[in-house]
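Visitor: Please find the sequence and the predicted model below.
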Amino acid sequence: MAKKIFMILTFAGVPLSVIGTLMHWSSTLLFIIYCVTIVALASYMGRATESLAIVTGPRIGGLLNATFGNAVELIISIFALKAGLVGVVLASLTGSVLGNLLLVAGLSFFVGGLKFKRQHFNVHDARHNSALLIFAVIVAFVIPEVFAMDMNDSKTLSLSVGISVILIALYLAALFFKLVTHRGVYQSKAEGGAGHHDEEPEWGKGKAMAILLAATVAVAYVAENLVHTFEEVGESFGWSELFIGIIIVAIVGNAAEHASAVIMAYKNKMDIAVEIAVGSTLQVAMFVAPVLVLISLLFEKSMPLVFSMPEMVSMVVAVLLAISIANDGETNWFEGLTLLGAYVIMGIGFYLL
C-alpha cells in the first residue's frame, strides 16, 4: 500500500513540480509540492539502497543509504549557498546531526523495541563511531566557534578551510579502516550469520543503481526550486531561517534515511539501522559540511564552519546522549523514546527562537 502511495506521489509530484515552476504558482503551494515530491523520491532511493544492502551487507548497505540520503541534502545546500542562504545551510547541517542521532535513531529504537524486547548491534562499531562523533562534532565544530571569538572573518574562514580538509581526509581514512584494513575484524554475529543473505532483494543491482541515479537527478531539479520558496514561506508561517534549516530542510533532505532505518529496525536488522543513523551523522559532520565550506568559496558569500550557540550546544548534547545510549551495543523502546523526547524539546526551542 505504502509503495503504491509513494509511486503515485512521485509520478504526480515531478510533473506538478515542473508545471508549477513554469507557471509561477504560489510559493506556499510549490513548497508543499516540492517537499512531498522529494520525500516520495527519497522512498525510491531508500528501497534501492535496501536492495543493495541485501547484496553487499550491512556496512556497505548502510553507507550507501547514508550517502545517497545525504546527497539530497547536499544538493539542497549547494543551491542554498548559491542563493546566499548561509544561515539555512548551517542550520540544515545542525538539523541533520540532531535528526539522525535523535529522530532517526530514536524512531528506529522505539519501533524496533515495540516488536523485540532487546535489540543488539555491533558494539565495536558503536564504540568506534562514538570516538569519531566526539572528534567530528565536539572537537572540529567547537574549536572554530571558540577561536572565531578572537579572529576576523578572513582568519575564521581560513581556519574553517583547514579544519574541513582535515575532516575530509580523516573521513576517507575511517572508510578505508572499516572497509579495507579492518573489514571483518570486528564482525558481529548478525553480520557473520547467513540470515540476511537468504533474503531476496526487491531489485537487481543494475536496476537499483539506475533508480538511485534517476531519483538523485530528479531531486536535484526539485531541490533547486525548493530553495527559492524558503523566504516567502518563512514569512507566511512565521518560521525563522533557523527553524526552516534545522527542522524542515533536515527532515525533507534525510527522508530516505529516516524511512530505511526504521524499516531495518522493525525487521531486527539493527546493524544496518545504526549504521544508517550514526554513519549518516558522521558523513554529514566529516564530509558534507567540509565539502560545503570548500564549495562556498566559489560563491559570493563564503560559509565558515561556525554555528550559533544554540546549534552548537544542541549538537553536543545529542552526541553525548546518543553515545551513552548506544555504547553498550543493545537498545530498547524506552531508550528510543528518550532520544525522541530530546529531539522534540530541541525542536520547540528552535521554533520559539
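Guide: Structure's in. What do you need? Every value quoted in this text rests on a predicted model; they were computed, and no experiment measured them.

Visitor: other SSEs contacting the helix ranked longest in the chain?
Guide: Secondary structure of the chain per DSSP state H: the longest helix is helix 27-56. If contacts are counted by 3 or more CB pairs under 8 Å, 6 or more residues apart in numbering; DSSP states H and E, helix 27-56 sits against helix 2-23, helix 58-82, helix 205-227, helix 230-237, helix 250-253, helix 255-266. C-betas here are computed from N, CA, C, even on glycine.

Visitor: Can you name the residues in contact with the last one?
Guide: Here helix 255-266 makes contact (CB atoms under 8 Å, 6 or more residues apart in numbering) with 38-39, 42-43, 45-46, 49-50, 65-66, 68-70, 72, 99-100, 103-105, 107-109, 111-112, 115, 119, 251, 270, 272-273, 276-277, 280.

Visitor: how about low-confidence regions in the stretch 51-200 of the chain?
Guide: In the predicted model, the stretch 51-200 of the chain carries pLDDT under 70 at residues 57-59, 61-62, 65, 69, 184-198.

Visitor: how does it look with 90?
Guide: Along the stretch 51-200 of the chain, segments meeting pLDDT under 90 span 51-80, 82-89, 91-92, 95-96, 99-100, 104, 115-118, 120-154, 174-200.

Visitor: just the strands in it please.
Guide: All strands of the stretch 51-200 of the chain, identified by DSSP state E, counting those that start in this stretch, fall at 119-120.

Visitor: roughly how far apart are residue 209 and residue 216?
Guide: 11 Å (CB to CB, to the nearest Å).

Visitor: Just put the helices and strands packed on helix 27-56 in a markdown table and tack on mean neighbour count.
Guide: Shown next, in a markdown table, are the helices and strands packed on helix 27-56 (neighbours: other CB atoms under 10 Å):
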| stretch | mean neighbour count |
| --- | --- |
| helix 2-23 | 14 |
| helix 58-82 | 24 |
| helix 205-227 | 18 |
| helix 230-237 | 16 |
| helix 250-253 | 25 |
| helix 255-266 | 26 |
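
Visitor: closest to residue 165 out of these?
Guide: Residue 165 lies closest to helix 58-82 among the helices and strands packed on helix 27-56, at 17.6 Å (CB to CB).

Visitor: Next one: residue 316, what pLDDT does it get?
Guide: Residue 316 is assigned a pLDDT of 93 by the prediction.

Visitor: count of residues packed around it?
Guide: Neighbour count for residue 316, taken as other CB atoms under 10 Å: 16.

Visitor: Likewise for residue 283?
Guide: 23.

Visitor: cool, residue 118 as well?
Guide: Look at residue 118: counted by other CB under 10 Å, it has 10 neighbours.

Visitor: Confirm for me that residue 109 is in contact with residue 336.
Guide: Yes. The criterion here is CB atoms under 8 Å, and residue 109 meets it with residue 336 at 3.0 Å.

Visitor: of these two, who's got more company?
Guide: More crowded of residue 109 and residue 336, by other CB under 10 Å: residue 109, with 31 against 24.

Visitor: Look up how far residue 330 lies from that one.
Guide: 10 Å.

Visitor: overlap in contacts of these two?
Guide: Contact criterion CB under 8 Å, 6+ apart; residues shared by residue 109 and residue 330: residue 119.

Visitor: Kindly list the main-chain dihedrals of residue 26?
Guide: Backbone geometry at residue 26, expressed as degrees, to the nearest 10, gives phi -60, psi 150.

Visitor: what about it, neighbour count?
Guide: By other CB under 10 Å, 13 other residues sit near residue 26.

Visitor: do you know how far it is from residue 33?
Guide: Per CB to CB, residue 26 is found 10 Å from residue 33.

Visitor: can you check residue 160 too?
Guide: 35 Å.

Visitor: mind listing the helices for the stretch 51-200 of the chain?
Guide: All helices of the stretch 51-200 of the chain, identified by DSSP state H, counting those that start in this stretch, fall at 58-82, 86-98, 105-115, 123-133, 142-147, 153-176, 189-192.

Visitor: From the rest of the structure, what touches the fifth one?
Guide: Counting contacts by CB under 8 Å, 6+ apart, the residues outside helix 142-147 that touch it are 156, 159, 160, 163, 304, 305, 306, 307, 309, 312, 316.
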